[in-house]
Structures are given as structure tokens and as C-alpha cells.
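[1] Task: produce atomic coordinates for the following.
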Amino acid sequence: MNSKIVMVFIILIQFNIYAYKMIGEAYGNDKSDFIQPIAIQKINKDFYILDYILGKIIIFDNDFNIKKEILGFENPIAFKVIKKNIFVSEANSNKIIIYNLETEKKKTLGLYGMMEKEFSHPGKIYMNNNKLYIVDEYNFRIQVLDEKLNFIKEILLPKFEYIYTPYYLTNYSLIFKTEEMYVLDNYSKKMYIYGEKKKRKEINLSFISNLTSFFEFQEEIYVYDAMVNKLYRLDKEKFTKKEEIILEKEKKYDVFLMNQITKDNQKLYFINKNIIKKIDLKSKKNEDIFKLKKLKAKSYIDPTSIIVDEDEKIYILDKTLGVIKIFDKKGKYIKQINNIGKTPTDMILDKNNNLYIAVAGENRVRKYNKKNELIYNFGGYKYFPTSYNFYNQKLKEKKQRDINKIDQKVYNLQLDIDGRGNLYIMNSKSVNIKKFDQFFVQKNTIGKKANILYFLQGKKELGTFGWNEQESDVLTDICINKD
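    Numbering: from 1, shown residues only. Sure, this is the predicted structure:
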């Protein structure tokens, strides 16, 4: 055989061995990228848009050219531009971040707690009569501060009974009148009217299917119903429906993204499915004015685990988005599994193609069958103490009051499975591995924290774990001496 042909043949073999194909695509590196834009404000001729997932604010001019990108917020859910500062509520860290537009520096207000200038899921922010009003959602109150951020008082709110509220949703909204403050309670479908010192009146708005937000225009109150895509103008005295404004007959609005609206004179602006919409409240006309770059179905931003099933379908778990994206063996996007929980960190398939997902942000492991139907939802803080923040929200109010500071970090849960279907769950917070059968009956616990000297001296113990000295909560190895 010709030597050149042999060489080409070898090269082709080698190329085939190392050939690769991109599955999906990265997202979120460009300034124009948006994944979950949940809040908008129009200040003069500029638009400020907040993205919850990417933790950024983009400032557009009136022609939607990008003027500025502000990065580094942790799960921001609401913001308010006040003079030269942007006040941003971070739901996960329970802090208010104050960004100065001139110096481009940030400072922090508050931390988790129930005392003055402490927060549990801070929500929307308002300025009225030179006073700062910060909605403190899970403490069921409004904290009032002066311009120098000194605490003035708190206004207690009626509690709302929530079963599960996503971090990116806010419940309370405010409207200020001359001598009164109106408080909208989305979850309870009520509106409260406060005077100077106490609540004066409670109004039932249960006729609204999916209450999302409200605003004032020409001294009248408008409320938004996301379920039927309508604005309702309320009667000034009885607060019943006086007029209906249909936004769009066919398209259904995404209630989860209609978090914060902005009004400029008689124009109302909000975001729905990455489209900025404008409504003229006088003419009742609405139009799409700009389309934000949207996350594609095949895109991900924080892939943390990948597995392949018996049909060679590829599963990619995105920790930040909280979804699983499924591709065929050629890399073609098939579908997405949604609503798997907060901060999933790992997944694995058993021999029957049942899918196990470690949801560290909720201290749980969930099991799905072949049809992606949930069949087990196992866990709790006593089994997997990976998210103290999530656990703390489930405690009774008295116990919460006794805790001043909590660990905000979500620790790792990792999974493995043996040939008999036993599940091994490694927890980087408690530094051990728990072994369960396929029905989540616990068999035993393996491991303990190891003295670092054992590793320096070359000693190994059965079920002893090592860790990275820079991040002592992250497991890095399992050392087993079979003898």
C-alpha cells in the first residue's frame, strides 16, 4: 500500500477519535442578552431593565442603544432609581445594594433578620416625601428610612399565607396619596388603605383572577389581571370594576415576569416574554416597542451535570436556570424539564431510566419516572442540610426571631448509584454520604471529616473525606482503604 495513503488513513482515524460536537450553546456573555427581565423603569428618556438570572441592569437610551451595563447583583428582584443612585433588592442575600451612577461604586444596606434595617426577602422600593420605603416581604412590614438611611419606623402589614413563592416574585406594591398609602397584596387578592398611623380599610379584590400589580393614573387606581390580560380601572369609592382595558386577546401574558411596571405620564411600560410593551392609557392602544434578545431553547448558562440515557439522549442540568435540557445523540434540542426546584446540583439515571435530581437549594432529592413524572420528593433539612435559608423560611415565626444571622450559601449535593439501584448522596455541608435504596429507605451513613494531617502523612481511613483548604465546605475526594 502506498505510504501516503497509509498516513492519510491513520490521520483520518485519529481525527475520528478526537472529533467532537457542540451540544447546545452558552448564553449570557453579551450585553444584549436577557434571560429573565423582570423589572423596568423609564427615567427621562432612558430605560432601565433588570434581569433576575443574569444579575444585571442594562440602561438603554430612547432608541434602545445600550448606554451602560451594571453587573454583579445576586438574584435582584426589584429596583428603584433615586437621583444618582440605584437601589436594588437582592432576594437571596436579603440585602439592598446601592449603586452610585457617578462613582460606579456599590454599598450594602442590611442583612438577614427581623430588626431595624434587616430583611427577609426585600421587595419593591419607593421614595415619598424624602423618605425611603422598603417592602420587607417575609417580615410582613415596610421599613421607612430617611435620606441618610437612618431608620424611622416600620409599618406592619397583614400576613399572606404562601405555600411556595418563587424568589423572583414580589407580593406587595404601594401607591402614595396625599394622606394615605395604598398597599396591594397580590397573594391574598386584597388592597389595604393606611392612614398616618394605622390601617383604615381593607378591600377585597377576589374578582381578579391573577392579581399582579397596580398603579394610579389621573387619581384613579388601575389593577392588572395577568390571567385574562386586562387592566381594570376601579371605582374611586367602592373599588369595584369601572372599566376593562383588554391588552391583547390572543397572547397570554407571563405573570411571573410582570413584576414591576413603570408609568411615564399617560404611557405605561412593562415587559412580557422579553418584549417591551407600551400602553397609552387615554387611547387604550398598546404596541410592542422593543424586543430584548431572548434565551434560546438550546441555550444554557450554568451547566453543572450531564448524563446520557439508554436511547443516547443527552441530559444537561442547568443549576442557575433550574431546568434540564434534553438533546438527541446528534445534539439536536428535544425538550426541557421545568420546575425541578431551586439550585439543583446533580442528577443521575438508574437502570430503569428513572431520573434522580439533587435539589440542594430545597434540601431534597426528587425522583422522576420515564415520563418525567414526579414519583418521590424526599428530604428535608435533617437529611440534607444544604440550604439553611430555605429551611429557615419554613420555621415558625418565634424560632425565626431567635436567629439573627443564617448561612446564605447553598452547598453541594451529589449523586451516584450502584448496580443494585442503591443511591449514594454526598453532602458537602455535613461532609458525609448517605446510602438509600430505590424507595429512599436509608441503609447507612458513610464518612466523617478527616484531620488534614492524615493526608499530609499519607494515612487513609475507610470513609474519610478530604477537602480543599481554600473552600473547606467542598468535598474533593473519598479515600477508601479496602484492607
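[2] Could you list every helix and strand in contact with the one helix or strand Tyr48 maps to?
    Counting by DSSP states H and E, the element that carries Tyr48 is strand 46-51. Applying 3 or more CB pairs under 8 Å, 6 or more residues apart in numbering; DSSP states H and E, one finds that strand 46-51 makes contact with strand 37-43, strand 56-60, strand 76-82. Glycine gets a C-beta too; all of them are placed from N, C-alpha and C.
[3] Now do Tyr356: how many residues are near it, please.
    Applying other CB atoms under 10 Å, we find 23 residues neighbouring Tyr356.
[4] so it makes contact with Ile417?
    Yes - counting by CB atoms under 8 Å, Tyr356 touches Ile417, with 7.3 Å between them.
[5] For the two, list the residues in contact with both.
    Common neighbours of Tyr356 and Ile417, using CB atoms under 8 Å, 6 or more residues apart in numbering, are Ile348, Asp350, Leu423.
[6] Excluding covalently adjacent residues, which one is nearest to the last one?
    By that I understand Leu423. Residue nearest to Leu423 in three dimensions, not counting chain neighbours: Phe436, with 4.7 Å by CB to CB, 6 or more residues apart in numbering.
[7] how about low-confidence regions in the protein?
    Applying pLDDT under 70 to the chain flags residues 1-21, 27-29, 161-167, 197, 248-259, 397, 401-406, 447-483.
[8] Just the helices from it, written as ranges.
    Using DSSP state H, the helices of the chain run over 3-18, 388-393, 397-401, 452-456.
[9] now the strands for the stretch 301-450 of the chain?
    303-308, 314-318, 323-327, 333-337, 344-349, 355-359, 364-368, 374-379, 413-417, 423-427, 432-436, 442-446, 448-449 (DSSP state E, counting those that start in this stretch).
[10] most packed of those?
    strand 355-359 (a mean of 25; mean count of other CB atoms under 10 Å).
[11] packing partners for that one?
    Partner elements for strand 355-359 (3+ CB pairs under 8 Å, 6+ apart): strand 344-349, strand 364-368, strand 413-417.
[12] give the contact list for Ile23.
    Ile314, Ile316, Phe327, Gly331.
[13] Please repeat the previous calculation with a cut-off of 10 Å.
    Ile23 makes contact with 298, 300, 303, 306, 314, 316, 325, 327-333 under the criterion CB atoms under 10 Å, 6 or more residues apart in numbering.
[14] swap in Glu116?
    By CB under 10 Å, 6+ apart, Glu116 lies in contact with Gly110, Gln143, Leu145, Asn150, Phe151, Ile152, Lys153, Glu154.
[15] How about Pro122, nearest residue that isn't a chain neighbour?
    Ser89 (4.2 Å).
[16] Domain-wise, how is the protein divided?
    As assigned by automatic domain parsing, the chain contains the domains 25-291, 299-446.
[17] quick one: the shortest one to chain centroid distance?
    Taking the mean C-alpha point of domain 299-446 and that of its whole chain, the gap between them comes to 17 Å (CA atoms, centre = their mean, to the nearest Å).
[18] Can you measure across that domain, start residue to end residue?
    End-to-end distance for domain 299-446: 37 Å, by CA to CA, to the nearest Å.
[19] do the first one as well
    Start to finish, the residues bounding domain 25-291 are 21 Å apart (CA to CA).
[20] Okay, Phe73 and Ser299: tell me how far apart.
    21 Å (CB to CB, to the nearest Å).
[21] Could you export stretch 224-231 as PDB, CA atoms only?
    Written as PDB, here are the backbone C-alpha positions of stretch 224-231 (Å, rounded to 0.1, in the frame of the first residue of the first chain):
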ATOM      1  CA  TYR A 224     -53.600  44.300  36.300                       C
ATOM      2  CA  ASP A 225     -55.000  40.800  35.900                       C
ATOM      3  CA  ALA A 226     -52.400  38.700  34.100                       C
ATOM      4  CA  MET A 227     -54.700  35.700  33.700                       C
ATOM      5  CA  VAL A 228     -57.100  37.400  31.300                       C
ATOM      6  CA  ASN A 229     -54.700  40.100  30.000                       C
ATOM      7  CA  LYS A 230     -56.800  43.000  31.300                       C
ATOM      8  CA  LEU A 231     -56.300  46.300  33.200                       C
END
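[22] Would you indicate which residues of that stretch are buried?
    Within stretch 224-231, the residues that qualify as buried are Tyr224, Asp225, Ala226, Asn229, Lys230, Leu231, counting by 16 or more other CB atoms under 10 Å.
[23] OK, contacts around Tyr269?
    40-42, 47, 261-263, 276-279, 289-290.
[24] And Ile175, by the same measure?
    Tyr126, Asn128, Met181, Tyr182, Val183, Leu184, Met191, Ile193, Phe214, Phe215, Glu216, Ile221.
[25] Just the buried ones from the residues you listed?
    Tyr126, Met181, Tyr182, Val183, Leu184, Met191, Ile193, Phe214, Phe215, Ile221.
[26] There's contact between Leu374 and Val365 in this structure, I believe.
    No - checked against CB atoms under 10 Å, the pair Leu374 and Val365 is beyond contact range at 11.5 Å.
[27] Identify the contacts common to the two.
    Shared contacts of Leu374 and Val365 (CB under 10 Å, 6+ apart): Ile357.
[28] Measure how buried Tyr172 is and give me the count.
    Tyr172: 21 neighbours (other CB under 10 Å).
[29] excluding its backbone neighbours, what's nearest it?
    In space, Tyr172 is closest to Val135, 4.8 Å off (CB to CB, 6+ apart).
[30] neighbours of that neighbour, just the number please.
    By other CB under 10 Å, 26 other residues sit near Val135.
[31] can you offset everything so residue one is 578?
    I'll keep to 578 as the first residue from here, and by that count the last item is Val712.
[32] measure it to Ile780 for me?
    Counting by CB to CB, the gap from Val712 to Ile780 is 19 Å.
[33] what does Asn954 give?
    37 Å.
[34] swap in Tyr715?
    23 Å.
[35] Those two: who's more crowded?
    Tyr715 (23 against 16).
[36] now the strands for the stretch 628-777 of the chain?
    633-637, 643-647, 653-659, 662-667, 672-677, 683-686, 699-705, 708-713, 718-722, 728-733, 749-753, 758-762, 767-771, 776-781.
[37] can you put these in JSON lines and add distance to Gln985?
    Formatted as JSON lines, those follow (distance: least, CB to CB, whole Å):
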{"stretch": "strand 633-637", "distance to Gln985": "20"}
{"stretch": "strand 643-647", "distance to Gln985": "22"}
{"stretch": "strand 653-659", "distance to Gln985": "15"}
{"stretch": "strand 662-667", "distance to Gln985": "10"}
{"stretch": "strand 672-677", "distance to Gln985": "9"}
{"stretch": "strand 683-686", "distance to Gln985": "13"}
{"stretch": "strand 699-705", "distance to Gln985": "13"}
{"stretch": "strand 708-713", "distance to Gln985": "17"}
{"stretch": "strand 718-722", "distance to Gln985": "20"}
{"stretch": "strand 728-733", "distance to Gln985": "22"}
{"stretch": "strand 749-753", "distance to Gln985": "23"}
{"stretch": "strand 758-762", "distance to Gln985": "27"}
{"stretch": "strand 767-771", "distance to Gln985": "31"}
{"stretch": "strand 776-781", "distance to Gln985": "33"}
